[in-house]
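[1] structure for this input, please:
(one chain, ligands or ions: 3)
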Amino acid sequence: MFNTKLVTLNRHILEEQTAFPDAKGDFTSLMMDLTLAFKIISREVNKAGLVEILGATDEENIQGETVMKLDAFAQDRIFKAMDHGGILCCMASEEVEHIIPIPPKFTKGNYILVFDPLDGSSNIDKNVSIGTIFGVFRRVTPAGDGKLEDVLQQGCKQVAAGYVVYGSSTILVYSTGSGVHGFTLDPSVGEFLLSHPDIRIPHKGKSYSVNEGNFNTWDEGTKAYVQHLKEVDKETQRPYGLRYIGSLVADFHRNLLTGGVFLYPSNCTDPKNPKPKLRLVYEANPLAFLVEAAGGKASTGTQRILDVQPTALHQRVPLVIGSTYDVDQYCQFLARQQAGAPI
Ligand code: AHG
Ligand code: MN
Ligand code: MN
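    Numbering: from 1, shown residues only. Ligands and ions are numbered 1, 2, ... in the order given. Have a look, this model is predicted:
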């Protein structure tokens with residue numbers, strides 16, 4: 001039997017909508033269109049081994065990465081679900097170099113959608129959890145086609161954000177800033193049903209998520225912090241556990257539910273030219289919006305993620321995100337390193 005009263009995503013958003021008297025149902029329409037795309041992507045992911053959707057295309061994206069067939073499929077499904085609803089004035093995607101205009105024949109709306117259509121692409125053919133990440137802004141330019149400045153807004157200006165994990169089940173987690181809620185897809189009826197109401201991230205975690213293989217590329221503060229996590233924690237009398245899936249969205253989701261910290265520091269082998277990997281606009285910002293709404297934190301190590309002013313669509317940032325205690329402690333290690341204090 002279901003463990004919660006049957007609340008569909010549609011019903012939940014309509015109830016949330018009443019909290020926004022000036023809302024004209026635009027956000028409800030946006031989420032309905034978006035969740036249709038998620039259901040279709042979930043269906044393809046769940047039979048990926050049986051249909052010709054695995055493997056790579058012969059294309060390379062703006063990131064210089066080989067585009068996997070499922071990357072392209074997810075990109076295409078989201079674009080086609082969102083281009084005609086009259087809610088958006090433009091979109092931006094990890095897979096597309098420039099902002100994506102709404103086709104001339106369709107009405108332009110007042111919202112912007114930024115998204116990573118398929119996160120964790122390296123895991124696609126290995127049956128490991130992957131996902132989709134999205135953020136929503138209100139436009140800052142007057143009517144008509146959206147512009148780059150509509151997309152390059154600080155993450156704190158998002159009006160909503162969310163992600164989907166295509167895993168043992170398909171779960172959608174979203175927030176409009178007041179509360180974070182999880183919905184599990186019941187494929188037999190094609191509905192996302194409320195399964196995780198009011199998610200709050202524990203103040204302190206017991207695990208950390210990082211690619212330890214990059215240890216030699218890290219700055220000294222990060223090295224010292226990760227070494228510290230391996231010592232016995234006074235409270236739990238044991239070191240932190242290491243949990244790393246290699247799909248940001250899946251690692252984030254686990255930490256959101258159980259507490260913990262995810263970090264992807266810059267590659268600092270050339271200290272004058274630190275190279276972060278994760279993208280600000282459609283990876284770090286939406287998850288930072290969610291983690292703060294759930295009582296956690298997200299930082300570059302020196303700056304709140306949601307305060308970073310984007311200057312380029314695909315710009316990358318160092319990311320530490322999760323339980324407040326753990327993010328704060330990491331930032332203290334970096335601060336001591338930068339102050340030249342013993343770390
Ligand atoms: P994407 O598949 O959208 O390019 O994102 C992959 C990202 C993120 O999902 C994950 O946390 C990280 O790449 C893993 O990177 P490493 O393989 O370098 O650890
Ligand atoms: Mn990604
Ligand atoms: Mn991606």
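
[2] who in the stretch 1-150 of the chain is up against ligand 2?
    Residues of the stretch 1-150 of the chain that fall close to ligand 2, judged by CB under 5 Å from the ion: 116, 119. All C-beta spots, glycine's among them, are computed from the backbone N, C-alpha and C.

[3] quick one: low-confidence ranges for the stretch 1-150 of the chain?
    Where the stretch 1-150 of the chain drops to pLDDT under 70, the residues are 1-4, 18-24, 48-55.

[4] where along it do the helices fall?
    In the stretch 1-150 of the chain, the helices defined using DSSP state H, counting those that start in this stretch lie at 9-17, 26-45, 69-82, 148-151.

[5] ditto for the stretch 151-300 of the chain
    Assigned by DSSP H, counting those that start in this stretch, the stretch 151-300 of the chain shows helices spanning 220-229, 248-258, 285-293.

[6] now the ones you listed as TSV including distance to Pro342, mean pLDDT and mean neighbour count?
    Converted to TSV, the helices of the stretch 151-300 of the chain look like this (distance: least, CB to CB, whole Å; pLDDT from 0 to 100; neighbours: other CB atoms under 10 Å):
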stretch	distance to Pro342	mean pLDDT	mean neighbour count
helix 220-229	9	97	19
helix 248-258	29	98	24
helix 285-293	30	98	27
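
[7] residues contacting Arg316?
    Each residue near Arg316 by CB atoms under 8 Å, 6 or more residues apart in numbering is listed here: 275-280.

[8] what residues of stretch 71-87 count as buried?
    By neighbour count on 16 or more other CB atoms under 10 Å, the buried set for stretch 71-87 is 71-75, 77-79, 81-83, 85, 87.

[9] gap between the closest residue to ligand 2 within the chain and Ala74?
    For the chain and ligand 2, the shortest gap (CB to the ion) falls at Asp119, measuring 3.4 Å. Distance of Asp119 to Ala74, given as CB to CB, to the nearest Å: 10 Å.

[10] what do those two both touch?
    Joint contacts of Asp119 and Ala74 (CB under 8 Å, 6+ apart) are Thr132.

[11] burial check on the residue of the chain closest to ligand 2, number of neighbours?
    Asp119 has 29 neighbours, counted by other CB atoms under 10 Å.

[12] so it touches Ser129, yeah?
    No. Using CB atoms under 8 Å, Asp119 makes no contact with Ser129, being 9.8 Å away.
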